[in-house]
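**Q** Sharing a model that was predicted from the sequence below.
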Amino acid sequence: MECARGARIRHLITAIPLAQLELPLQIRAFEPGDWPGVWSLLQPAFRAGDTFPHDPAISEAEARALWVEQSQAVMVAIDAHGAVVGSYYLRPNSLCLGAHVANAGYVVAQQQRRRGIGGRLCQHSLQAARQLGFRAMQFNLVVSTNTAAIHCWQSNGFEIVGTLPGAFCHSQLGFVDAYVMVQSLVEAIGA
């Protein structure tokens, strides 16, 4: 039996206001015509083998299934010229009884990094997750050598709650640690 949450996520995500950056950037729901732009971001990120746990030789069809079809919400960041410069997916982190915790994955164009796009995607995903009724967001495998992502996630309220020794096989460094990072999306009782 499918959980009710999965059926309503796509519908609710369309109600989230579009996010704007200081630089002209729009965050909006993924449309099928966005896929070539999203793939152009994912392909080099997957091939590098230094941040995503997927097979670096993943095919385009497998990547689309992973990023789009297996997600309940997919968003894209579009620059002033109409180019896809970032994307994220949002989905439950686990099955029904754990489906109140969200999971997300992010990618930003290599030439657009360090401009705040990843942070804006993170902020947007947290807002979306709250609106969808998720109680927390968890990242299961943040590579310890991905210091830019760790800094971004921490500056957006995530905490490292666990270290997985040697859990990631880095393409250049071999086995490195990975972190589990979490952020509550509900206010603390009595706060």
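**A** Perfect, I can see it now. Numbering: from 1, shown residues only.

**Q** OK, contacts around Glu159?
**A** Met181, Val182, Gln183 (C-beta atoms under 8 Å, 6 or more residues apart in numbering). In short, each C-beta sits where N, CA and C put it, glycine included.

**Q** any idea how far it lies from Gln127?
**A** Glu159 is 19 Å from Gln127, where distance means C-beta to C-beta, to the nearest Å.

**Q** What are the boundaries of the strands in this protein?
**A** Under the criterion DSSP state E, the chain contains strands at 19-20, 25-29, 73-79, 84-92, 101-108, 136-143, 159-170, 174-184.

**Q** Ala45: which of these is closest?
**A** Ranking the strands of the chain by proximity to Ala45 (C-beta to C-beta) places strand 101-108 first, at 5.3 Å.

**Q** on contacts alone, who are the packing partners of the closest one?
**A** Applying 3 or more C-beta pairs under 8 Å, 6 or more residues apart in numbering; DSSP states H and E, one finds that strand 101-108 contacts helix 35-48, strand 84-92, helix 117-131, strand 136-143.

**Q** Rebuild the strands of the chain as TSV, extending it with mean pLDDT and distance to Val38.
**A** Below are those laid out as TSV (pLDDT from 0 to 100; distance: least, C-beta to C-beta, whole Å):
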stretch	mean pLDDT	distance to Val38
strand 19-20	42	17
strand 25-29	93	12
strand 73-79	95	7
strand 84-92	96	5
strand 101-108	96	8
strand 136-143	97	20
strand 159-170	97	23
strand 174-184	97	23
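
**Q** need those in TSV with distance to Ala149, can you?
**A** Compiled in TSV, the strands of the chain are given as follows (distance: least, C-beta to C-beta, whole Å):
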stretch	distance to Ala149
strand 19-20	19
strand 25-29	18
strand 73-79	16
strand 84-92	12
strand 101-108	8
strand 136-143	6
strand 159-170	12
strand 174-184	9
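
**Q** Ser40 is nearest to which of the ones you listed?
**A** Across these, closest to Ser40 is strand 84-92 (C-beta to C-beta), at 7.4 Å.

**Q** partner strands of that closest one, parallel or antiparallel?
**A** Neighbouring strands of strand 84-92 in its sheet, by DSSP bridges, are strand 73-79 (antiparallel), strand 101-108 (antiparallel).

**Q** So which of those strands is nearest Ser59?
**A** So among those, strand 101-108 is nearest, using C-beta to C-beta, at 16.8 Å.

**Q** can you list contacts of that closest one?
**A** Taking C-beta under 8 Å, 6+ apart as the rule, strand 101-108 contacts 38, 41-42, 45, 52, 67, 77, 85-94, 117-118, 121-122, 125, 129, 132, 134-140, 149, 185.

**Q** Pull the contacting residues for the nearest residue to Gly86 once chain neighbours are set aside.
**A** Distances taken as C-beta to C-beta, 6 or more residues apart in numbering place Ala77 nearest to Gly86, at 3.5 Å, with adjacent residues excluded. If you count contacts by C-beta under 8 Å, 6+ apart, Ala77 has them with Leu25, Gln26, Ile27, Val84, Val85, Gly86, Ser87, Val108, Ile117, Arg120, Leu121.
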